[in-house]
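Novice: Based on what follows, work out the 3D shape:
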Amino acid sequence: MIEKDNRLLFESDEEFENFCVATFVVVKQDEKGNCFIEGDYSDMYKKCIDEGKSFVIKDRDSQVYK
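Specialist: Numbers count the residues shown, from 1 in each chain. Model (predicted):
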(Lines give C-alpha, C1' and ligand atoms only; values in the text may rest on other atoms or scores of the structure.)
Protein backbone atom coordinates (compact mmCIF):
# COMPACT_ATOMS: atom_id res chain seq x y z
CA MET A 1 0.00 0.00 0.00
CA ILE A 2 1.21 3.47 -0.89
CA GLU A 3 -0.35 6.66 0.42
CA LYS A 4 -0.49 9.52 -2.07
CA ASP A 5 -2.35 12.74 -1.37
CA ASN A 6 -5.62 11.60 0.21
CA ARG A 7 -5.60 8.22 -1.56
CA LEU A 8 -4.35 4.79 -0.65
CA LEU A 9 -3.02 2.80 -3.60
CA PHE A 10 -3.17 -0.99 -3.60
CA GLU A 11 -1.52 -3.33 -6.11
CA SER A 12 -4.23 -6.00 -6.02
CA ASP A 13 -7.61 -7.06 -4.66
CA GLU A 14 -5.85 -9.31 -2.16
CA GLU A 15 -3.77 -6.44 -0.78
CA PHE A 16 -6.91 -4.28 -0.45
CA GLU A 17 -8.89 -7.09 1.21
CA ASN A 18 -6.08 -7.70 3.71
CA PHE A 19 -6.21 -4.01 4.60
CA CYS A 20 -10.02 -3.81 4.88
CA VAL A 21 -11.10 -6.98 6.61
CA ALA A 22 -10.55 -7.44 10.34
CA THR A 23 -8.50 -10.51 11.22
CA PHE A 24 -11.08 -11.81 13.66
CA VAL A 25 -14.72 -12.83 13.76
CA VAL A 26 -17.26 -12.49 16.55
CA VAL A 27 -19.42 -15.46 17.58
CA LYS A 28 -22.99 -14.34 18.23
CA GLN A 29 -26.21 -16.05 19.21
CA ASP A 30 -29.69 -15.29 17.92
CA GLU A 31 -32.91 -15.33 19.97
CA LYS A 32 -33.42 -19.03 19.19
CA GLY A 33 -29.99 -19.96 20.54
CA ASN A 34 -28.39 -20.55 17.14
CA CYS A 35 -24.74 -19.48 16.95
CA PHE A 36 -23.30 -17.65 13.97
CA ILE A 37 -20.19 -15.65 13.17
CA GLU A 38 -19.96 -12.06 12.06
CA GLY A 39 -17.01 -10.26 10.49
CA ASP A 40 -16.05 -6.60 10.52
CA TYR A 41 -13.82 -4.09 8.78
CA SER A 42 -10.37 -3.33 10.18
CA ASP A 43 -9.92 -0.36 12.49
CA MET A 44 -7.47 1.20 10.01
CA TYR A 45 -10.00 0.93 7.17
CA LYS A 46 -12.72 2.55 9.29
CA LYS A 47 -10.30 5.31 10.34
CA CYS A 48 -9.44 6.05 6.70
CA ILE A 49 -13.15 6.17 5.80
CA ASP A 50 -13.76 8.65 8.64
CA GLU A 51 -10.86 10.77 7.33
CA GLY A 52 -12.40 10.82 3.84
CA LYS A 53 -9.59 8.89 2.13
CA SER A 54 -10.08 7.22 -1.23
CA PHE A 55 -8.90 3.77 -2.25
CA VAL A 56 -7.39 2.83 -5.60
CA ILE A 57 -6.68 -0.70 -6.79
CA LYS A 58 -4.11 -0.55 -9.58
CA ASP A 59 -4.88 -3.99 -11.06
CA ARG A 60 -6.96 -3.46 -14.21
CA ASP A 61 -8.62 -6.88 -13.68
CA SER A 62 -9.73 -6.05 -10.13
CA GLN A 63 -12.95 -7.76 -9.06
CA VAL A 64 -13.38 -5.32 -6.16
CA TYR A 65 -13.34 -2.35 -8.54
CA LYS A 66 -15.98 -3.91 -10.80
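Novice: ok, and the closest non-adjacent residue to the residue nearest to the spatial centre of the chain?
Specialist: Centre of the chain computed as the mean C-alpha position; nearest residue by CA atoms, centre = their mean is residue 20, 1.8 Å away. Spatially, and ignoring its direct neighbours in sequence, residue 20 is nearest to residue 45 (4.6 Å; CB to CB, 6 or more residues apart in numbering). Just so you know, the C-beta spots here come from the backbone N, C-alpha and C atoms, and that holds for glycine as well.
Novice: And for that neighbour, the neighbour number?
Specialist: Residues near residue 45, counting by other CB atoms under 10 Å, number 18.
Novice: helices or strands up against the host helix or strand of it?
Specialist: Residue 45 belongs to helix 43-50 when assigned by DSSP states H and E. Counting contacts by 3 or more CB pairs under 8 Å, 6 or more residues apart in numbering; DSSP states H and E, helix 43-50 is packed against helix 13-20.
Novice: ok, residues contacting the helix or strand just after the helix it packs on?
Specialist: Next helix or strand after helix 13-20 toward the C-terminus (DSSP H and E): strand 26-29. Counting by CB atoms under 8 Å, 6 or more residues apart in numbering, strand 26-29 makes contact with 35, 36, 37, 38, 39, 40, all of which sit outside it.
Novice: ok, now how distant is residue 20 from residue 10?
Specialist: Here residue 20 is placed at a distance of 10 Å from residue 10 (CB to CB, to the nearest Å).
Novice: residue ranges with poor pLDDT in this structure?
Specialist: By pLDDT under 70, the low-scoring segments of the chain are 65-66.
Novice: hmm, what's the outermost residue in it?
Specialist: In the chain, residue 32 marks the outermost C-alpha relative to the chain mean, sitting 30.5 Å out by CA atoms, centre = their mean.
Novice: Can you say which helix or strand has that one in it?
Specialist: Going by DSSP H and E, residue 32 is not part of any helix or strand.
Novice: List the contacts of it.
Specialist: Contacts of residue 32 by CB under 8 Å, 6+ apart: none found.
Novice: give me every residue that touches residue 23.
Specialist: Contacts of residue 23 by CB under 8 Å, 6+ apart are residue 42.
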